[in-house]
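[1] coords below, sequence missing:
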């Protein structure tokens, strides 16, 4: 008689591979579990999580949605799919799933955090902060307490960082006519100007033409350039003013690097990713 498939044992093996950062092997285990336990939603959820970890959004989404077909009230699949819709700038789809998750479990940390990010997109920061607080309350370690400062203070920190730049950098900023500005969150037009869209989680953006592309033959390329810093996104990555100051410095250097014509690989080599 054939031994019943042990899905718990499969998960233990998958977890070992995942902890060892052997994601390819973990995927093989999950795919085997999906074949051997075709009526279980768990392997589909595992595959969604694994592909999400690898930034393979479309594959992850496919498995999350399949898990939801098998288990329509599976909150982990709802929040997983919502995160991918958010990353792909499909904000209404993301919100629909998050609201459904919150109806089923109002205290769910991931759903509350995602709802906060969606409300930030709507400039509803008061409500967003309430959902951030609920996420923190549900899991203080995974969702640190929200760090927020006034825009005036944020701009002062940006000024302090700029004051610390070398004369060479100041000269480049002046010569290239670069303005440093602050906004709350990235604008949809900026995100959707790229294919695929930029991540809504970006900390900054260089608007303009890199140095080597500027030419008097092209009027558009000679328009003033901007480095934009997104305050809300930066605050999500920091827990105090010192961390914020450091992250602002890295973000400014990253975006000025784009102004110099460096791509993401160049910036990563320089520790500015």
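    All right, it came through fine. This structure is a prediction, so every number in the text was calculated from the model and none was measured.
[2] now the helices for the stretch 151-273 of the chain?
    151-163, 167-175, 188-192, 231-236, 241-259, 264-269 (DSSP state H, counting those that start in this stretch).
[3] For residue 12, find the nearest of the ones you listed.
    Comparison of the helices of the stretch 151-273 of the chain against residue 12 by CB to CB identifies helix 231-236 as nearest, at 33.3 Å. C-beta coordinates here come from the backbone N, C-alpha and C atoms, glycine included.
[4] from memory residue 254 sits against residue 204, does it?
    Yes: using CB atoms under 8 Å, residue 254 makes contact with residue 204 at a distance of 6.5 Å.
[5] So for residue 49, what's the nearest residue that isn't a sequence neighbour?
    residue 80 (6.7 Å; CB to CB, 6 or more residues apart in numbering).
[6] So the one you found versus residue 38, what's the distance?
    To residue 38, residue 80 is 20 Å away according to CB to CB, to the nearest Å.
[7] Repeat that for residue 85.
    26 Å.
[8] who has more neighbours, those two?
    A count of neighbours by other CB atoms under 10 Å puts residue 85 above the other of residue 85 and residue 38, at 23 against 10.
[9] low pLDDT regions in the stretch 51-200 of the chain?
    For the stretch 51-200 of the chain, not a single residue meets the criterion pLDDT under 70.
[10] Now do the strands in it.
    Ranges of strands in the stretch 51-200 of the chain, per DSSP state E, counting those that start in this stretch, are 178-183.
[11] Name whatever forms a beta bridge with the nearest residue to residue 207 once chain neighbours are set aside.
    The shortest distance from residue 207 to any non-neighbouring residue, by CB to CB, 6+ apart, is to residue 226 (4.3 Å). Per DSSP bridges, the residues bridged to residue 226 are residue 179, residue 207.
[12] The one 4 residues further on too?
    Following DSSP bridges, residue 230 is listed with bridge partners residue 183.
[13] ok now do it, which residues does it touch?
    Taking CB atoms under 8 Å, 6 or more residues apart in numbering, we find residue 230 in contact with 182, 183, 184, 185, 186, 202, 203, 204, 205.
[14] if you set the cut-off to 6 Å instead, what comes out?
    Residues in contact with residue 230 (CB atoms under 6 Å, 6 or more residues apart in numbering) are 183, 185, 186, 203.
[15] how much space between it and residue 247?
    Going from residue 230 to residue 247 by CB to CB gives 11 Å.
[16] could you measure residue 133 against residue 10, distance?
    Distance from residue 133 to residue 10, counting by CB to CB: 38 Å.
[17] Actually, residue 4.
    Residue 4 is 12 Å from residue 10, by CB to CB.
[18] again, but for residue 92
    From residue 92 to residue 10 the distance is 36 Å (CB to CB).
[19] More neighbours: which of these two?
    residue 10 (21 against 8).
[20] residues touching the residue positioned nearest the centre of the chain, list them.
    Taking CA atoms, centre = their mean, the centroid of the chain lies closest to residue 201, which sits 3.9 Å from it. Counting by CB under 6 Å, 6+ apart, residue 201 makes contact with residue 233.
[21] For it, give me phi and psi.
    phi -90, psi 0 (degrees, to the nearest 10).
[22] What of residue 177?
    Torsion angles, degrees, to the nearest 10, at residue 177: phi 60, psi 50.
[23] Next one: it from residue 187, what distance?
    21 Å.
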